[in-house]
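Q: I need the structure of the sequence given here:
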Amino acid sequence: MRLAMTSDIKPPEDCSDMREVRIGVDATDRALMELLDRRYGYMRAAARIKQDRGAVRDEGRKSAVIDNARVDAEARGLPAEELAAIWDRLVESSIAYEMVEWDRIRSS
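A: Below you'll find the model as predicted:
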């Protein structure tokens, strides 16, 4: 599969066929993966910085992150509850990743 060049990517409102839509979706997915890579990098940093393994799970912070995603989704006219559920999974995955990293760093 040929990856789209940046010049091939049209804003959604300018797409006139499914090829253009798919190019935009694929490019957006790659951009999301880049952002997730950065987000998980912050989890590695948190694992390095936090001295207490028990500090990895912070239910107050988790709730705030999910609530922020829900509010942001609502403001954008996106499906807020569905995106909050995705964020819940993202945060749980991040916590699990950070725990693994916390253990890895300290067992070295």
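Q: Only C-alpha atoms from now on, for both contacts and neighbour counts.
A: Fine.
Q: So what touches the host helix or strand of residue 64?
A: Following DSSP states H and E, the helix or strand that holds residue 64 is helix 59-76. If you take C-alpha atoms under 8 Å, 6 or more residues apart in numbering as the criterion, helix 59-76 is touched by 79-81, 83-84, 87-88, 91.
Q: switch to 10 Å and redo it
A: The list of residues contacting helix 59-76 from outside it, by C-alpha atoms under 10 Å, 6 or more residues apart in numbering, reads 77-92, 95.
Q: average pLDDT for it?
A: Averaged across helix 59-76, the pLDDT comes to 98.
Q: Pull out the buried residues from whichever helix or strand comes after it.
A: Using DSSP H and E, the next helix or strand after helix 59-76 towards the C-terminus is helix 80-107. Residues of helix 80-107 classed as buried under the neighbour-count rule (16 or more other C-alpha atoms under 10 Å) are 80-81, 83-84, 87-88, 91, 94-95, 97-99, 101-102.
Q: ditto for stretch 33-48
A: 40, 43-44, 46-48.
Q: What of stretch 61-79?
A: 62, 66-67, 69-70, 73.
Q: Could you measure from residue 49 over to residue 64?
A: Distance of residue 49 to residue 64, given as C-alpha to C-alpha, to the nearest Å: 21 Å.
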